[in-house]
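Predicted model and sequence follow; I will ask about them next.
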Amino acid sequence: MIETVKLTVKLSNFYKMSWVNKAVSLALLFYMIIFTVYALNTFPPLNIENNVYGFTTDFSNLIVLIFLFWMVQCSELSRQAYVFSTLGLLLWTMGTTADVLDELVVQPFWGSVYFEDLCRTSGMLFTSYGLFKTMRFVQSIHNRLACELIIDDLTKVHNRRYFYRHVRSAEVTP
């Protein structure tokens, strides 16, 4: 019997993860803490009342990205899909963290243009490619299952399902 794996995103999954997944997750957490503390202590603050809407939307985006990053860490993806999705979501989250903080403090121009935008855009690109690799893998599994549905694994001959499907299609066409 084939062993099935259920995807869960519980925090207790951290203990079951490989050391690479743990290291990447902790690296992102430490980056976010260190960058936030640095930005809040280094740059002059903005008036938060004027930026409530921008802060709320940027913070919501950050929470969604962190959740997607955690889902990738909890999933058993192909190696290429994992690497590209993790790298992409890591960069995207780094850019979005800077985007959230620019609603709270006055960041230098180079930070918002080069760091924030470059990280976010390259992160989207890598994440898209990782998603493409994941969808390609899912499609190959789907094709393999469709083939196994109509071909007997032992004899490599079409089975009863194929025969009935063939008869039905022959009845429909004159």
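Nice, I can see it. Computed from a prediction, not measured in an experiment: that's the story for all the values here. Numbering: from 1, shown residues only.

So in this structure, which helix runs the longest?
Longest helix in the chain by number of residues (criterion: DSSP state H): helix 117-150.

any idea how far it is from the chain center?
11 Å (Cα atoms, centre = their mean, to the nearest Å).

Averaged pLDDT, that helix. What do you get?
The pLDDT scores in helix 117-150 average 92.

For the chain, give me the ranges with low pLDDT.
Counting by pLDDT under 70, the ranges of the chain that qualify are 1-7, 173-174.

so how far is Lys133 from Gly54?
Using Cβ to Cβ, to the nearest Å, Gly54 is found at 34 Å from Lys133. Glycine gets a C-beta too; all of them are placed from N, C-alpha and C.

Please say which of these two ends up with more neighbours.
Comparing Gly54 with Lys133 by other Cβ atoms under 10 Å, the one with more neighbours is Lys133, at 19 against 15.

In contact with that one, which residues?
Lys133 makes contact with Ser78, Gln80, Ala81, Phe84, according to Cβ atoms under 8 Å, 6 or more residues apart in numbering.

ditto for Cys119
Counted by Cβ under 8 Å, 6+ apart, Cys119 has contacts Leu91, Trp92, Met94, Gly95, Ala98.

got the contact list for the residue nearest to it when sequence neighbours are not counted?
Once flanking residues are discounted, Cys119 sits nearest to Gly95: 3.4 Å by Cβ to Cβ, 6 or more residues apart in numbering. Residues counted as contacts of Gly95 (Cβ under 8 Å, 6+ apart) are Phe115, Glu116, Asp117, Leu118, Cys119, Arg120, Thr121, Gly123.

Now render the residues you listed as JSON lines, adding distance to Ile151.
Converted to JSON lines, these look like this (distance: Cβ to Cβ, whole Å):
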{"residue": "Phe115", "distance to Ile151": "54"}
{"residue": "Glu116", "distance to Ile151": "53"}
{"residue": "Asp117", "distance to Ile151": "51"}
{"residue": "Leu118", "distance to Ile151": "49"}
{"residue": "Cys119", "distance to Ile151": "48"}
{"residue": "Arg120", "distance to Ile151": "47"}
{"residue": "Thr121", "distance to Ile151": "45"}
{"residue": "Gly123", "distance to Ile151": "42"}
